[in-house]
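Student: Below are the sequence and a predicted model; questions follow.
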Amino acid sequence: MLPLVSIITVNYNGLVFTRDFLNSLRAISYPNIEVFVVDNASTESITPLKTEFPEVIFIESKENLGFAGGNNLAIQQAKGSYYFLLNNDTEVEPGFLEPLVGLMESNKKIGLCSSKLVYYAEPSLLQFAGSKGINPYSGRGFAIGHKEKDSEAFSRSYKTELAHGAAMLISRAVVEKIGLMAELFFLYYEETDFCERVKRAGFEIWYCGASKVYHKESMSVGKDSPMKIYYLTRNRVIFTRRNTSGIQKIFALLFFYLIAFPKGVLKFILQGEYKLLQSFVKGACWNLTHFNIYSNTGLIIK
């Protein structure tokens, strides 16, 4: 029997995208799944989806818990051998799941696996085909294949430094060992932080080029919104603080506050983006007044 896969998505005022997402799941060929939709206190009702998709398990949070918190709610109820976190602004190919599960089953050292991500509006263009990881000093990540044309070279499976949170298959063994994603991130860097914890626990992370997911990208937050700038800035520093140590941490924080921060301030001033500037400064300053960033790492699933 094929292992049960718990597919989890988080919805926040994205009814039209979640509907398309669920319709695409209805066409997949993998026979053993359960599907969860976590609604993060949307202002629009998800009642129509409940009627249209009776096979789906809906969880309605009374507050917006962010990406990590929303997914954590469903993981704690899910019964699968694997948890598949999929953004609600994605659509999938019918056979996308079999290669992922097959790869994970072939090597129990693999704790996380990501699909190939392509842009929904331009499916020949890659968004993600693996990662070179986060630079420990700059805090910036480098995706393999980003905005390159899809080709045979990206159809292979290989070990990678990070998975992508838009399409991330997690072994239950990982969650049993390290717990859930850290909810203090709320948006951005939470899956990156989780990946680092996965590697420290002795698991491997892989990219599966035979599994394709179409990503509409940034439908919930918007491109370069004040919210996005705030959490990207704040969480970039939180990630550095949680995942570096010693001299490396000192140099990384000096790099941000002495080089990246002044550069960012100047950029937003020259662009006349004063709301974005305010969010950028607020995100940077948060880390100067909050010191307990290690406790919120999630519960251990038994």
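Tutor: On my side now, so go ahead. Residues are numbered from 1 along each chain as shown.
Student: drop to CA atoms for contacts and neighbour counts, all remaining ones
Tutor: Noted.
Student: that's a helix at Gln127, yeah?
Tutor: No: under DSSP: H, G, I helix; E, B strand; the rest coil, Gln127 sits outside any helix and is assigned strand.
Student: check contacts around it.
Tutor: Lys116, Leu117, Val118, Tyr119, Ala143, Gly145, His146, Lys147, Glu148 (Cα atoms under 8 Å, 6 or more residues apart in numbering).
Student: how does it look with 6 Å?
Tutor: Gln127 makes contacts with Leu117, Val118, His146, Lys147, as judged by Cα atoms under 6 Å, 6 or more residues apart in numbering.
Student: so what's the last one closest to, chain neighbours aside?
Tutor: Here the nearest residue to Lys147 in space, its sequence neighbours aside, is Leu126; by Cα to Cα, 6 or more residues apart in numbering that works out to 5.1 Å.
Student: Tell me the bridge partners for the one you found.
Tutor: Val118 (DSSP bridges).
Student: Read off the pLDDT value for Gly222.
Tutor: Confidence at Gly222, expressed as pLDDT, is 53.
Student: before we move on, what about the one 10 residues further on?
Tutor: Leu232 is assigned a pLDDT of 94 by the prediction.
Student: Next, the spatially closest residue to it that is not a sequence neighbour: secondary structure please.
Tutor: Setting aside the residues directly before and after it, Leu232 is nearest to Tyr188 in space (Cα to Cα, 6+ apart), at 6.1 Å. What three-state DSSP gives for Tyr188 is coil.
Student: Tyr188: how many residues sit nearby?
Tutor: Tyr188 is flanked by 20 other residues according to other Cα atoms under 10 Å.
Student: related to what we said a few turns ago, filter the contacts of Gln127 down to just the buried residues.
Tutor: Neighbour counting by 16 or more other Cα atoms under 10 Å classes Leu117, Val118, His146 among the contacts of Gln127 as buried.
Student: Quick one: the helices in this protein, in order.
Tutor: Secondary structure of the chain, counting by DSSP state H: helices at 15-25, 47-52, 66-75, 97-106, 172-178, 190-200, 226-243, 246-255, 261-271, 274-289.
Student: could you redo the buried ones among the contacts of Gln127 as TSV and give each row pLDDT?
Tutor: Shown next, in TSV, are the buried ones among the contacts of Gln127 (pLDDT from 0 to 100):
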residue	pLDDT
Leu117	97
Val118	96
His146	93
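Student: What's the local residue count around the spatially closest residue to Ile269 that is not a sequence neighbour?
Tutor: The shortest distance from Ile269 to any non-neighbouring residue, by Cα to Cα, 6+ apart, is to Leu277 (7.1 Å). When neighbours are defined as other Cα under 10 Å, Leu277 has 21 of them.
Student: again, but for His290
Tutor: Using other Cα under 10 Å, His290 is surrounded by 9 other residues.
Student: Now it: phi and psi?
Tutor: Dihedral pair for His290: phi -120, psi 120, per degrees, to the nearest 10.
Student: Now do the longest strand seen in the chain: which elements does it pack against?
Tutor: In the chain, with assignment by DSSP state E, the single longest strand is strand 204-215. Applying 3 or more Cα pairs under 6 Å, 6 or more residues apart in numbering; DSSP states H and E, we find strand 204-215 packed against strand 90-92, strand 110-119, strand 157-159.
Student: What lies in contact with the first one?
Tutor: It stands for strand 90-92. By Cα under 6 Å, 6+ apart, the residues outside strand 90-92 that reach it are Phe21, Ser24, Val213, Tyr214, His215, Lys216.
Student: cutoff 7 Å now
Tutor: Phe21, Ser24, Leu25, Lys212, Val213, Tyr214, His215, Lys216 (Cα atoms under 7 Å, 6 or more residues apart in numbering).
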